[in-house]
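Colleague: following is a predicted model, sequence given first.
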Amino acid sequence: MTRTAEVYESVSIEDVRQAVAEAGHSVDIRDNPSGRRTLHCETDGMTYAVQFYPNEGHETDSFGALRFALWMSADNISAETANAFNAKFRFASAFADDDCYVLQHDIIAIGASKQNLVICVQQWSTSIDDFAQFLDE
């Protein structure tokens, strides 16, 4: 098997920031009071975060997993609506929180290439659009 791209053993926050920017989204690194850093991102007027795991990775800026998360308010938030979305779409999942919906997409970054990360961000953007349209129906 021939590899055409180098793959990550782990990713840094900067690796993911670059992938988000290459996908055409605005992105800033945010320092949280807990010492953990996240990416604060925006696409098409929707704001989302990228969180990094495992938590111990913050000490060395070396992560194997990412969580994309979007919090969206809506009228009449219900678990039934979130579950209906989950039954129809496969790349992201939604759940009903107290006062909003949470849309999330987890990826394992180990073994991914730079282009794979960009594609994941693009897929996440599609999932955001799918969820917004689903709620509008």
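Modeller: Perfect, thanks for sending it. Numbers count the residues shown, from 1 in each chain.

Colleague: buried stuff in the longest helix belonging to the chain?
Modeller: Determined from DSSP state H, the single longest helix within the chain is helix 114-136. For helix 114-136, a neighbour-count test (16 or more other C-beta atoms under 10 Å) marks 114, 116-118, 120-125, 127-128, 130-132, 134-135 as buried. Using the backbone N, CA and C atoms, a C-beta is placed for each residue, glycine as well.

Colleague: list the buried ones in stretch 52-61?
Modeller: 52-53, 57-58.

Colleague: can you list contacts of that stretch?
Modeller: 10, 12-14, 16, 35-38, 63-67 (C-beta atoms under 8 Å, 6 or more residues apart in numbering).

Colleague: just the ones of those residues in strands?
Modeller: 37-38, 65-67 (DSSP state E).

Colleague: on that earlier part again, which of the contacts of stretch 52-61 are buried, as a ChimeraX select command?
Modeller: If you want just the buried ones from the contacts of stretch 52-61 in ChimeraX, going by 16+ other C-beta under 10 Å, the selection is:
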select :12,13,16,38,63,64,65,66
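
Colleague: adding distance to F85 and pLDDT, write the contacts of stretch 52-61 out as JSON lines.
Modeller: JSON lines is the format used below for the contacts of stretch 52-61 (distance: C-beta to C-beta, whole Å; pLDDT from 0 to 100):
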{"residue": "S10", "distance to F85": "31", "pLDDT": "91"}
{"residue": "S12", "distance to F85": "32", "pLDDT": "95"}
{"residue": "I13", "distance to F85": "29", "pLDDT": "96"}
{"residue": "E14", "distance to F85": "32", "pLDDT": "96"}
{"residue": "V16", "distance to F85": "25", "pLDDT": "96"}
{"residue": "G35", "distance to F85": "33", "pLDDT": "82"}
{"residue": "R36", "distance to F85": "28", "pLDDT": "91"}
{"residue": "R37", "distance to F85": "29", "pLDDT": "94"}
{"residue": "T38", "distance to F85": "24", "pLDDT": "96"}
{"residue": "F63", "distance to F85": "27", "pLDDT": "95"}
{"residue": "G64", "distance to F85": "27", "pLDDT": "95"}
{"residue": "A65", "distance to F85": "23", "pLDDT": "96"}
{"residue": "L66", "distance to F85": "21", "pLDDT": "97"}
{"residue": "R67", "distance to F85": "18", "pLDDT": "97"}
